[in-house]
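In: Predicted coordinates and the sequence they were generated for:
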Amino acid sequence: MDEKKLAIIATKGSLDWAYPPFILASTASALGYETQIFFTFYGLQLLKKKLSLEVTPLGNPGMPMPMGMDKWFPVLGLALPGMQGMMTSMMKQKMKSKGVASVEELRELCQEAEVKLIACQMTVDLFDMDQKEFIDGVEYAGAAAFFEFAGESDICLYI
């Protein structure tokens, strides 16, 4: 029987969107799937050596708010200076208190599990990104190369 394959396209570069591709990829790899994550546009932030990921409550109605803020705090107040930093800090603290691995740890786990991390070359060029900013072990390819793998995959996810 052929090895199962999982293809993930990661397009988001915020803290809350950093977890799904790495959790799903590391889990799939542990289950024996050959796994690739194709990072494009803002998802490329997840490959940087120095992560400065934040979470924003704006435009995220599903985000649980601390202290029942969603019931009494005006939505416009979420745009106040410092609110994004405060929410990011609270989210990181919550994850730490629940024993959730950091994005860096999950990313390392993926690399140890031989998940192929692919940076979209077109987006790297488009945003004039320096490959020295990215972690070691990243491959660079275009969408066509990724589709060769994705076209044979059992599961394709867009995150």
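Out: Noted; the coordinates are in hand.
In: Name whatever forms a beta bridge with the closest residue to Leu157 other than its chain neighbours.
Out: Spatial nearest neighbour of Leu157, excluding adjacent residues (C-beta to C-beta, 6 or more residues apart in numbering): Ile8 at 4.8 Å. For the C-beta atoms, the positions are set from N, CA and C on the backbone; glycine is no exception. Beta-bridge pairing for Ile8 (DSSP bridges): Ile37, Leu157.
In: Could you look up the SS state of the closest residue to Phe38 other than its chain neighbours?
Out: Closest residue to Phe38 apart from its sequence neighbours, by C-beta to C-beta, 6+ apart: Phe146 at 4.3 Å. Under DSSP: H, G, I helix; E, B strand; the rest coil, the three-state class of Phe146 is helix.
In: which element is the residue nearest to the spatial centre of the chain on?
Out: The centre of the chain sits closest to Ala18, judged by C-alpha atoms, centre = their mean, with a distance of 2.6 Å. Here Ala18 sits within helix 15-30, counting by DSSP states H and E.
In: mind listing the helices for this structure?
Out: With DSSP state H, the ranges of helices along the chain come out as 15-30, 69-72, 83-97, 103-112, 121-126, 143-150.
In: which helices and strands sit right next to the third one?
Out: In this structure, helix 83-97 packs against helix 15-30, with contacts taken as 3 or more C-beta pairs under 8 Å, 6 or more residues apart in numbering; DSSP states H and E.
In: Now do the buried residues in the helix it packs on.
Out: Buried residues in helix 15-30, counted by 16 or more other C-beta atoms under 10 Å: Leu15, Asp16, Trp17, Ala18, Tyr19, Pro21, Phe22, Leu24, Ala25, Ser26, Ala28, Ser29.
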